[in-house]
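Engineer: Let me see the structure of the following:
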Amino acid sequence: MRTPLIALLLVAAVLQPVPGAADVSANAVCFLFCDTLDPSRTGQEIFPVPEKNLNGRRLVLHVSDVDGMAWGSIDNGVTGDSVWLDRSWDGGATWEGLLGKASIPSTWTGTRTLMYNVSDPRNHRRGLVRACGDAGGVGCTDWVYPTVCDVRCDRTDAGQANGDLQPVPSTSLSGRVIRLHVDQNGMAWGSTESGTQGDEIWLDRSWDSGATWPDGSSLGRVSVPAGAAGTRTTMFATRDPRGRLYGGAVRACGRAVTGQNGACTAWSRPAPTRAGAAADALLYSYDPYPGWWPSSWWNSAATLTTLIDHGDPAYDWVIARTFDQNKGVFAAGVRSSDAIEGNFVSRAIDDSAWWGLAWIAAYDRTGQQRYLAMATTIANYVHQYWDTGTCGGGVWWNRERTYKNAVTAGLYLRLTASVHNRTPGDTVWQQRTRTAATWFLGSGMINSANLVNDGLTADCRNNGQTVWTYNQGLAIGGLVEAWRATGDGTLLAAARRLADAALTGLTRDGVLTESCDLGQNTCDDNQKQFKGIFSRYLTDLASVTGATTYTSFAQRQADSIWTRDRDNLNRTGQRWAGGSPNQVDWRTQASGLGALVAA
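Structural biologist: All right, here's what the predicted structure looks like:
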């Protein structure tokens, strides 16, 4: 019989003061919570390993998978008996001991530890945890969770593979051939051939892109049997959804009994699907404790929107985490160079609107009213900067009212129409949508080639500045959503004109190309994400028109990224047509994911 959580909590409340989450060491692991969380705050209580009978005492490991944390308890004991957790980052070879150690005080028969994180997705480490106690002798439960499970679990026979892909070239070793194999479920295995009895093959698995592999060395190590020239390992998972570790890298390694001693293939992240592989690589850069992609504020909003577009339920926790950790107030320099004043708003009106669109996407994905309420709050804030006194309308780019530009105009149109389309009985936002669409089309920002320049001059003329792909995309997306809000077919026709112009005017050899992609230019952190935003809104237009021109274009972008702008770890760069100098970071990754989702 398990110790009920409520009983443990009542005992603990009387036994002794319990340190709070603030009492965290410098080495504490932080994920959804930091180490030393009180079990009264757990979201779940399960018992994945058997309890341990320790000289008549009951030693129990409690786990909350929804929190990613564990705690230990001991009861049926006497004064002085103790319980703690051990946590290992190398598969149980070594461990941090005595975590949360608690002793039973006089007059009581049990106690428990505080909660500790099982894994560390923030630092790309997979942990094991066990409960240990000292009651006339030391004993421990089994470790939790030594086996990684995704669609299938570690050590599944390779005969059950769903396909056989070889993502990197084989390597040779004294005439032997060593291959890395993966299947459509992201399971991996290694094989060796053209060898002899005693040759060995194994996998290494790394959660930090191949930098280290302390818990994943020599997985499935097996020798070539007598009379055979080769063999293969069992399969191992490369994603750990329970531990929120995605896109583990693997390589196949072998040892020959003669000649050279050992060799390995290159590291690779399996790619069961293109978008899924890109999303796994993108999650590598998400910091779950502050709940964003450090360190770009509006880019994080646009990236979250792209992840939501991808639609994998394994990432749904990121939506709530980002919302809960960032809806408050932050001083300048913490999230942005500007202060964030609560409810995701700042002096940068465009930054605020990006977050509004992110919460529209979150509402569409989850149906949770809090996201629509936040989007509406942000839309009301942005609307404060609609000003007919300059240029007859339009929203200012910043609180200082220095510039009316295309990005803020497109964001406002999309956000306003989105709020209307999700607010039953609304007429206010609908009228604002009509007004915004009319103003935008007549503002002069759209040039004679149907391309959107960056903004207006002080005397309300097109400033002739760069046509960025995201301005073109936001104009298309804003007009499509405004058409949904008003039923005005001229808006959809305008969106098509802008899209048709972009397919020729913003491409090179059929591939979407930013001006900063050309020659020896490089793109800044903002520009790195522009093309993925265009892809999102072109896809929206394709969905309502059914135009194969747009779907074919989207497929061409995805194919080019996949074949010319992706490495073995599924990281995508700035130049979708390939070439150098190329830039690769989480912003280019989000942009590439936007194109892969669109295809």
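Engineer: what residue ranges in the protein score low on pLDDT?
Structural biologist: Segments of the chain classed as low confidence (criterion: pLDDT under 70) are 1-26.
Engineer: Now do the helices in it.
Structural biologist: With helices called from DSSP state H, the chain shows them at 5-15, 274-283, 297-310, 316-326, 349-366, 369-383, 406-421, 428-442, 469-486, 489-505, 530-545, 548-564, 586-598.
Engineer: what helices or strands is the fifth one leaning on?
Structural biologist: Spelled out, that is helix 349-366. In this structure, helix 349-366 makes packing contacts with helix 297-310, helix 316-326, helix 369-383, helix 406-421, judged by 3 or more CB pairs under 8 Å, 6 or more residues apart in numbering; DSSP states H and E. C-betas here are computed from N, CA, C, even on glycine.
Engineer: Which of those sits closest to Val257?
Structural biologist: Evaluated with CB to CB, these place helix 297-310 nearest to Val257, the distance being 46.3 Å.
Engineer: now the closest one and helix 274-283, what's the angle there?
Structural biologist: Relative orientation of helix 297-310 with respect to helix 274-283: 150 degrees, computed using axes from the mean of the first three to the mean of the last three CA atoms, to 10 degrees.
Engineer: elements contacting helix 297-310?
Structural biologist: Here helix 297-310 touches helix 274-283, helix 316-326, helix 349-366, helix 530-545, helix 586-598, going by 3+ CB pairs under 8 Å, 6+ apart.
Engineer: thinking again about what came up before, among the helices and strands packed on helix 349-366, which is nearest Gln557?
Structural biologist: Set against Gln557 and scored by CB to CB, the helices and strands packed on helix 349-366 come closest in helix 297-310, at 14.0 Å.
Engineer: which ones are touching Pro288?
Structural biologist: By CB atoms under 8 Å, 6 or more residues apart in numbering, the residues touching Pro288 are Phe31, Leu32, Pro121, Arg122, Arg244, Val318, Arg321.
Engineer: Could you rerun that using 10 Å?
Structural biologist: Pro288 makes contacts with 30-32, 68, 120-122, 244, 317-318, 321-322, 325, as judged by CB atoms under 10 Å, 6 or more residues apart in numbering.
Engineer: one step back: determine which stretch of the helices and strands packed on helix 297-310 is the most buried.
Structural biologist: helix 586-598 (a mean of 28; mean count of other CB atoms under 10 Å).
Engineer: chain center to it: distance?
Structural biologist: Centroid displacement of helix 586-598 relative to its chain, using CA atoms, centre = their mean, to the nearest Å, is 12 Å.
Engineer: list the helices and strands that helix packs on?
Structural biologist: Here helix 586-598 is seen to pack against helix 274-283, helix 297-310, helix 469-486, helix 530-545, helix 548-564 when contacts are counted using 3 or more CB pairs under 10 Å, 6 or more residues apart in numbering; DSSP states H and E.
Engineer: Adding distance to Val407, write the ones you listed out as JSON lines.
Structural biologist: Converted to JSON lines, these look like this (distance: least, CB to CB, whole Å):
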{"stretch": "helix 274-283", "distance to Val407": "23"}
{"stretch": "helix 297-310", "distance to Val407": "10"}
{"stretch": "helix 469-486", "distance to Val407": "6"}
{"stretch": "helix 530-545", "distance to Val407": "10"}
{"stretch": "helix 548-564", "distance to Val407": "21"}
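Engineer: closest to Asp517 out of those?
Structural biologist: Closest of those to Asp517 is helix 530-545, at 8.6 Å (criterion: CB to CB).
Engineer: That closest one packs against which elements?
Structural biologist: helix 297-310, helix 349-366, helix 406-421, helix 469-486, helix 489-505, strand 511-512, helix 548-564, helix 586-598.
Engineer: Of all those, which one comes closest to Val129?
Structural biologist: Using CB to CB, the helices and strands packed on helix 530-545 put helix 297-310 closest to Val129, at 28.6 Å.
Engineer: so of the helices and strands packed on helix 349-366, which one's packed in deepest?
Structural biologist: Of all the helices and strands packed on helix 349-366, as judged by average neighbours under mean count of other CB under 10 Å, the leader is helix 406-421 with a mean of 27.
Engineer: Now find how far off-centre it is within its chain.
Structural biologist: Here the centre of helix 406-421 is set off from its chain's centre by 25 Å, with CA atoms, centre = their mean.
Engineer: Output it in PDB with nothing but the alpha carbons.
Structural biologist: Provided in PDB are the C-alpha atoms of helix 406-421 (Å, rounded to 0.1, in the frame of the first residue of the first chain):
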ATOM      1  CA  ALA A 406       4.400  48.700 -42.600                       C
ATOM      2  CA  VAL A 407       5.100  46.200 -39.900                       C
ATOM      3  CA  THR A 408       2.900  47.900 -37.300                       C
ATOM      4  CA  ALA A 409       0.200  48.500 -39.900                       C
ATOM      5  CA  GLY A 410       0.100  44.800 -40.900                       C
ATOM      6  CA  LEU A 411       0.200  43.600 -37.300                       C
ATOM      7  CA  TYR A 412      -2.700  45.900 -36.300                       C
ATOM      8  CA  LEU A 413      -4.800  44.800 -39.200                       C
ATOM      9  CA  ARG A 414      -4.200  41.100 -38.500                       C
ATOM     10  CA  LEU A 415      -4.700  41.500 -34.800                       C
ATOM     11  CA  THR A 416      -7.800  43.600 -35.000                       C
ATOM     12  CA  ALA A 417      -9.500  41.300 -37.500                       C
ATOM     13  CA  SER A 418      -8.500  38.300 -35.400                       C
ATOM     14  CA  VAL A 419     -10.100  39.600 -32.200                       C
ATOM     15  CA  HIS A 420     -13.300  40.300 -34.100                       C
ATOM     16  CA  ASN A 421     -13.400  36.900 -35.700                       C
END
